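>>> model the structure of this input:
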Amino acid sequence: MRNMVVVLSIGLFSCAAFAQKATPPSPAQVVQEIRDYRMDNEDRIIRELSEFLAIPNIASDTPNIQKNAARLVEMLEARGIETHLLPISGRGPVVFGKLISAEAKRTVIFYAHYDGQPVDPAAWTDGKPFEPVLRDDAIEAGGKRIPFPENNGKHRAIYNDNWRIYARSSSDDKSPIVALLGAIDALRAKKIPLGVNLKLILEGEEEAGSTNLQRTLELHKNLLGADLLITADGPVHQSGRQLIFFGNRGEIDMDITVYGPVRALHSGHYGNWAPNPAMELSRLLASMKDVDGRVLIDGYYDDVTPLGDVEKKALMEMPANDADLERELGIAKPEGGGKKLVELIQEPSLNIRGLRSAYVGERSQNVVPDMAEASLDARLVKGENPQKKFEQIAEFIRKQGYYIIDREPTMEERRSHPLIARVVYGGGYRATRTPMDLPVSKALVQVVQAATGNITVVAPTLGGSVPMYIFEDLGLPWIGVPIVNYDNHQHSSDENLRLGHFWRGMEIYGAILADLNW
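Numbering: from 1, shown residues only. Predicted coordinates:
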């Protein structure tokens, strides 16, 4: 009898142990395991990121973009991820990866891009956008350049959360790729199985408009079977808290050129007589918006799809941090007529992203310019059509008395029309939004909230634009889980990554891979 009790006790203990082992760890437990792994491997992780950042990645620089793709193949295959290159003529390929888990019932696609915005090295504090630099704080906070810590037998390299890496694409979008791969390494090292099958779509021309992505993916639809797509693009909320977003604005790009005399003229000899295109363009642009920033173009807001009750509730629960942003950015009075930033993001915008006419500063000359140019972008929201939006703007310009063309004017046209505008459509795409009350939407929010101690901000729409319409057309629900700091200088000089956000991103991606289920 005593032996039987012992045997039964051992059997029950074994069953209990097996049950305990089979129970997946909670998101909080996964976070801790990944944090422990990261603290022992910071040097290796940062080295991999820095070497990746050192490869120039402007979308039009095909040779270097190809080098980025080749490096990604190495990085993915080193983790046992099945990898394929989906070619695009004259551009970098889409890098596709697949990692299957025997126990997983769901498949998640992770989307990011490995190309970056063009750079002006002279505008960067350190002058070399593709040589990663470490600073002990943000430049605006007086951050000083420091050497990358050395890892040796006596002590391991330790990185402070507040340190920042400065380099193009340090935040947009290479670091989320490395964070995801680091999370996979940590889960494997800690023997935590993937709860979902993972696929990766890593694009090399997002910053050039993703003009080939849809066609390329449609040619390889057989690879894209999945239940959810997660995009890593974008920053966390401006409060510094983790963000989940369910929609993004679309966009269009356009250029406007207004013409004066066929050559620049002496402002003393011809001023007050020769029409000044810089002045004309200034008047035209100023007529497009009122003093509160509301667009005055006919029909500009007519096609907006209203938010539902779930989205409105999410907006009400978002942090009220406009006053903090005003202080940080030196803004005395925002546009919007008193509306909050999160409300204005739900509306279409019209932005002048650049102006040029003759010269300024040390190069200024006393002339009446021969032309003036403006580059505009418009952010679209759900319900709006990019082509129609462009036509609304072009029609407004026509109603201001301009003769509209899409090429250089002829001499006869110059002599016949007092106001000429060359208006060129640069392309664009529509906005998309995933319902926030889907089972997968609720499940993802639950996991990320658990991984962050219930401080994650949940937003209906991101202010920026990501080509998620492509995946919507493929029938995939998508949700955004960005990880980089909001003050990262995305699309500008001195782009940077705050390491604390990078480490938290590894933890969040790890929790999603281990615990997402619906």
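>>> okay, and for this protein, where does confidence drop off?
Scanning the chain for pLDDT under 70 picks out 1-22.
>>> which residues touch the helix or strand L376 falls within?
For L376, the enclosing helix or strand under DSSP states H and E is strand 371-380. Strand 371-380 has contacts (CB atoms under 8 Å, 6 or more residues apart in numbering) with 249-260, 277-278, 280-282, 285, 348-357, 386, 389, 393, 428, 430-431, 463, 465. Any C-beta I mention is one placed from the backbone N, CA and C, and that applies to glycine too.
>>> among those, which ones are in helices?
277-278, 280-282, 285, 386, 389, 393 (DSSP state H).
>>> quick one on the thing from earlier: just the buried ones out of the contacts of strand 371-380, please.
Buried by 16 or more other CB atoms under 10 Å: 249-254, 256-260, 277-278, 280-282, 285, 348-350, 357, 386, 389, 393, 428, 430-431, 463, 465, out of these.
>>> ok, back up a step: and the two most separated of the ones in helices among the contacts of strand 371-380?
Largest separation among those by CB to CB: A278 and P386, giving 28.8 Å.
>>> that older thread, among the ones in helices among the contacts of strand 371-380, pick out the one closest to E343, please.
K389 (20.2 Å).
>>> who touches that closest one in this structure?
252, 300, 348, 378, 380, 428.
>>> what about the fifth one, how many neighbours?
Other residues near L380 come to 25 when the count uses other CB atoms under 10 Å.
>>> with S364 instead?
Per other CB under 10 Å, the neighbour tally for S364 reads 9.
>>> which non-adjacent residue is nearest it?
In space, S364 comes closest to A358 once its chain neighbours are excluded; the distance is 7.7 Å by CB to CB, 6 or more residues apart in numbering.
>>> what helix or strand is the residue lying closest to K190 once chain neighbours are set aside on?
Distance criterion CB to CB, 6+ apart; nearest residue to K190, sequence neighbours excluded, is E33 at 4.4 Å. For E33, the host element (DSSP H and E) is helix 27-53.
>>> M75 too?
helix 62-77.
>>> contacting residues around that helix?
Contacts of helix 62-77 (CB under 8 Å, 6+ apart): 48, 51-52, 55-59, 83, 85, 90-93, 95, 97, 114-115, 177-178, 181, 200, 202, 204-205.
>>> buried ones in that helix?
Neighbour-count burial for helix 62-77, counted by 16+ other CB under 10 Å, picks out 64-66, 68-69, 71-73, 75-76.
>>> try stretch 448-463
Going by neighbour count (16+ other CB under 10 Å), the buried part of stretch 448-463 is 448-452, 456-463.
>>> repeat that for stretch 129-144.
For stretch 129-144, the neighbour count (16+ other CB under 10 Å) marks 129-130, 132-135, 138-139, 143 as buried.
>>> and the residue nearest to K190, how far is that from D40?
Per CB to CB, to the nearest Å, E33 is found 11 Å from D40.
>>> between these two, which one's more packed in?
Set side by side, E33 and D40 show more neighbours around E33, with 21 against 11, by other CB under 10 Å.
>>> wait, the more buried one touches D185, no?
No: taking contacts as CB atoms under 8 Å, E33 lies outside contact range of D185: 11.8 Å.
>>> re the thing from before, quick one: contacts for the residue nearest to S364?
264, 278, 364-365, 367, 369.
>>> my guess is D137 contacts N162. True?
Yes: D137 is within contact range of N162, at 5.8 Å (criterion: CB under 8 Å).
>>> if we can go back for a sec, got a markdown table for the contacts of K389, with distance to R168 too?
What follows is the contacts of K389, written out as a markdown table (distance: CB to CB, whole Å):
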| residue | distance to R168 |
| --- | --- |
| I252 | 25 |
| Y300 | 34 |
| P348 | 29 |
| A378 | 26 |
| L380 | 27 |
| G428 | 24 |
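>>> how about those residues, which pair is most distant?
Most distant of those, by CB to CB, are Y300 and G428, 14.9 Å apart.
>>> for the closest residue to F148 other than its chain neighbours, which three-state class applies?
Distances taken as CB to CB, 6+ apart place L134 nearest to F148, at 5.3 Å, with adjacent residues excluded. Under DSSP: H, G, I helix; E, B strand; the rest coil, the three-state class of L134 is strand.
>>> what's opposite L134 in the beta bridge?
I146, I165 (DSSP bridges).
>>> so what's it up against?
Each residue near L134 by CB under 8 Å, 6+ apart is listed here: 145-148, 163-166.
>>> buried among those residues? Make that a PyMOL selection.
This is how PyMOL selects the buried members of those, with burial counted by 16+ other CB under 10 Å:
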select buried, resi 148+163+164+165+166
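>>> and which of the contacts of L134 is nearest G225?
Proximity of the contacts of L134 to G225 (CB to CB) peaks at I165, which lies at 35.8 Å.
>>> give the contact list for that closest one.
46, 49-50, 53, 132-134, 496-497, 499.
>>> as a markdown table, the buried residues of stretch 448-463 with secondary structure and distance to L474 would be great.
Formatted as a markdown table, the buried residues of stretch 448-463 follow (DSSP: H, G, I helix; E, B strand; the rest coil; distance: CB to CB, whole Å):
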| residue | secondary structure | distance to L474 |
| --- | --- | --- |
| V448 | helix | 24 |
| Q449 | helix | 28 |
| A450 | helix | 29 |
| A451 | helix | 28 |
| T452 | helix | 30 |
| T456 | coil | 27 |
| V457 | strand | 28 |
| V458 | strand | 24 |
| A459 | strand | 23 |
| P460 | coil | 22 |
| T461 | coil | 20 |
| L462 | strand | 20 |
| G463 | coil | 24 |
